[in-house]
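Colleague: no sequence on this one, just coordinates:
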C-alpha cells in the first residue's frame, strides 16, 4: 500500500527500507554489530569500571586500629630516617665550612684553588650507574684504561707506564 | 694561580709549630644494586601491595584472550572460576559476589600461561639445556644479590656488598686510615684535589676511573701526632681497579659498619658523618 | 693552642657520648605498653575479647568480636598481611614509648628534687607532654578514644585529654566561637576570649529530652526550660593545679535601660571559689546543695525572664574564669543591675577560659516563673511613635 504511493527511483529505495523497519511491529530481527564496532565496544569495556570494581574494604574496629597503628609506625619510621639524614647533612655542611675557614687562614693559595669554580660545567660521568634491583652479569668493569691523552697530561715523565 | 711559587709558603711554614697541609682521599664505590629493605619496610610494602591487589579492578580477560582461541583455552585451564553463588545454598563465610568470574570480595589471582617449564616440572632439565641464552621464551632468572666476593668474604674486592657504599682504607703503621698524601718537594703548589688524585694514581695504579666530587675539601682533621692538617677530598671510583703499586701496601674496601670495627675509635668518631648509611 | 683546645673538646664530647649511651642502657624500660605497674589501667582495652582481636589474628571461624550481627561476623575477612605488619609496627612504636618513659623517669626524679614552683610547673608540663607522646600511638588508647564514649575516658591521663582536645577543636570549639561572635557576646560582654576549656551547659530539671540534653550554644530556650540553675561542665585540657579555683557568671547584656534608651547588663548568676580538676569538672545541684553557707554562690540564680516586646532576643552569656587567688565576693557588695562585667573581671584578676550562650524570648511560661521567683509582673513595651512624620 505504501510502496505504491512512493515514486520509483534510486533515492526512494532507501526511504522504503526505513519505512518498513518502522512498521514491522512485533517482529524482532537479530541485531549484529559489525566487527569494527564490536572492537571499539571491546576496547571501551576494558577501560570502563562497570562490573569490574571490587567491593570496598570495610574494616572492623579491631582491624581499623591495626591499620592505623601500621600507618603510625610507618610515619614514625620515615620521620626518624629523615631526621637522621638531615642531621648528617647538617654535620657534613658544617665540616665543609670548618675546613674552608681553616684553609683560608692556613693557606690562602690553596683556598683559592679549592673554591675556584670549574671553567667547564662538571657533569656526572656517563659511567655512573643507577642502582638496579639485581646486579648485571658483570657487576664491575675492571679493564678500564685511561685515555692516552689523559695519561700524558697527568704524568708527563712516564707516558709508557700504562 | 697554579704557578705561584711554593717558596713563599715554605717560608710561612718554616717554624716548627705550623702543621703540614695534606689531603686525604675518601674514595667510595657507590652502590650497584638498590638498598636492602629494613624488615619493617619490606613488610609494610607487602601489606600495601596486598591492599592494592584487593582493590584492583577485575582483569579484562576478554580483551587480552579472544573467545575460542587456543591462548584463551590455556588461560582458562590455569585460572579456575571461583565458587559461584547459588541462592539455595548457605554460605557461612559470606555470599560470593561474582562479576566477570571474579569474587569481588577478594583479590584476583591471575596465572598467565608460561613460555617455559618451571623447576620441578617435567622437561625442565632438557629445556634449560636446549634453550639458548638469547631465546626470548626462556625463563628469566635474575642474578643473585650476593656475589662470590661476599661468600668468600674478600674484603679487597670491589664486587662485595653491592647494595652498600664501600670506602677505600689502607694500612699505615698497623693502623687502618684513609689514604693521605703530602705534597712532595716540588716548586709549584698543587690544589688539594689534584694532590689527592695524583697520590691515588701513585699508590693504586692508573687503571682507575676516578670522579672527583668537588675541589672543596669536605672535612678537616687535625692530626696532632704527625703535626698534620688532613683535608679530606670526596671522590668516587666508577670502574677500574685499585692495584697497589707497592707489594707491602694493604688495602680494604669497607662499609660504614665495618669501618667502625677497623678504624681507631677516635679517628672513626671524627669522620663518621662523612660515610653513607646506605 | 686552638687545635689542642678543639681536640680536647672532641675527646670530651666522645666521652659524653659514650657515657650517655651506657647510662641510657642501664635504666632502659622494656615493653612499656604491657607493663601496668607504673601505668594506669585506664590505658587498657576493657573488653578482653576485643583486646584479643586487636593483638592476635581474628579467627575466621568466629569473626571479630566487635561485629554483633552473626552472619556479618562470619562473613568478615581481614586484609592479608595485616597481622604480621601490625606486630612489627607495634614493636617499633613500643620501642619509642620505652624511650619516652625512660625520659619520664628522669624528669620525675628532677621533679622530686626541684623546690621552686616555677620549675615544678615547667617540669610537670614536660612530663605531661612526654606521657602524651609515649601513649599517643598505643593501639589500646586509639581504640578507647575511637570507640568508647568520651565520658568514660580517663581524663586524668594527658593522652586522653590530648585526644579530647583535638576532637573539641574540630567541632565544638568552632561552633562555640562562631555563636559567641555572631551573637555579639564578644565584644558586648568581654572584649575577646582565648578558649582553654570546653564549657557545656544543661538544665537537668527538664523532662523533655529536647531541653534536658547539653544545649548547643546559641539555642533559643523557653523560660520554663531554664527555671532551675544550670549544670555546667568545665573540661580543662591542661593539667589543673590542685588549688585551682573557678568563677562562673551568667549575665544578660540585653536588659532594657529606658533612661538612656539603650540596654544594660544584668547579673543573673554568680559562683566563686569552685574547686575543679580534670576529672571532677561538673558544677551541678550536688555542688549547690553542699554550699550551705553561701561559700560558692555570691549571686543566686534568677533565670532570664524577658518582658514582652523587650527586644528581639535576650542573650544569657555564661562566662567561666580561672581565679588567681580565692575571692570574697558577696551579694551585698555586688549589685546585679547595671553590672559592669569588664570592671568585675579586671578588679578580681580573673582569667576567662570559656563561655557559653543561650537565648530567650518572652513566652507563655514567663509570668508563672516571675511569680515563682517573687518578681513583679513584667512590663509590656509598646512601640512609641516618634514625632517625625511617617511619610517623608
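Modeller: Nice, I can see it. Just so you know, these numbers come straight off a predicted model, no measurement behind them.
Colleague: burial of residue B:110, as a residue count?
Modeller: Using other Cβ atoms under 10 Å in any protein chain shown, residue B:110 has 13 other residues around it. Every residue, glycine included, has its C-beta placed from N, CA and C.
Colleague: where does it land in three-state SS?
Modeller: What DSSP: H, G, I helix; E, B strand; the rest coil gives for residue B:110 is coil.
Colleague: Name the next helix or strand downstream of the longest helix seen in chain B, please.
Modeller: Ranked by residue count, the top helix of chain B under DSSP state H comes out as helix B:39-54. Remark: after helix B:39-54, the chain's next helix or strand is helix B:61-64, criterion DSSP states H and E.
Colleague: Please name the residues that touch residue 144.
Modeller: Just so you know, I chose chain A. B:207, B:208, B:209, B:239, B:240, B:241 (Cβ atoms under 8 Å, 6 or more residues apart in numbering or on different chains).
Colleague: that's the wrong chain, I meant chain C
Modeller: Counting by Cβ under 8 Å, 6+ apart, residue C:144 has contacts C:42, C:43, C:45, C:153, C:160.
Colleague: And the residue nearest to the last one when sequence neighbours are not counted, how far from residue C:198?
Modeller: Pointing back at residue C:160 there. Of all residues not flanking residue C:160 in the chain, residue C:153 sits nearest, at 4.4 Å (Cβ to Cβ, 6 or more residues apart in numbering or on different chains). According to Cβ to Cβ, to the nearest Å, residue C:153 and residue C:198 sit 13 Å apart.
Colleague: Counting neighbours, go ahead and name the busier of those two.
Modeller: Neighbours per residue, other Cβ under 10 Å: of residue C:153 and residue C:198, the larger number sits with residue C:198, 23 against 18.
Colleague: Which single residue of chain A ends up nearest chain C?
Modeller: residue A:73 (3.3 Å; Cβ to the nearest Cβ).
Colleague: How many residues are close by that residue?
Modeller: Neighbours of residue A:73 using other Cβ under 10 Å come to 24.
Colleague: what does residue C:329 give?
Modeller: 17.
Colleague: what's the pLDDT at the residue nearest to the spatial centre of chain C?
Modeller: Centroid-nearest residue in chain C: residue C:235, 2.3 Å away (criterion: Cα atoms, centre = their mean). Residue C:235 is assigned a predicted lDDT (pLDDT) of 95.
Colleague: elements contacting the strand or helix carrying it?
Modeller: Here residue C:235 sits within strand C:231-236, counting by DSSP H and E. Contact here means 3 or more Cβ pairs under 8 Å, 6 or more residues apart in numbering or on different chains; DSSP states H and E; on that basis strand C:231-236 packs against helix C:158-170, strand C:197-202, strand C:245-257, strand C:282-283, strand C:314-323, strand C:350-360.
Colleague: Now do the phi/psi pair for residue C:229.
Modeller: Main-chain dihedrals, residue C:229, degrees, to the nearest 10: phi -60, psi 150.
Colleague: Domains of chain C: list them as residue ranges, please.
Modeller: C:20-169, C:184-372 (automatic domain parsing).
Colleague: coming back round to it: now the strand holding residue C:235 against helix C:158-170, angle please.
Modeller: On the basis of axes from the mean of the first three to the mean of the last three Cα atoms, to 10 degrees, strand C:231-236 is oriented at 110 degrees to helix C:158-170.
Colleague: Sheet-wise, list the partners of strand C:231-236 with their directions.
Modeller: Strand C:231-236 pairs in its sheet with strand C:197-202 (antiparallel), strand C:282-283 (antiparallel), by DSSP bridges.
Colleague: any chance of those strands in CSV, plus distance to residue B:167 and mean pLDDT?
Modeller: As requested, the strands paired with strand C:231-236 are exported to CSV (distance: least, Cβ to Cβ, whole Å; pLDDT from 0 to 100):
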stretch, distance to residue B:167, mean pLDDT
strand C:197-202, 58, 96
strand C:282-283, 66, 93
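Colleague: Noted, bye for now.
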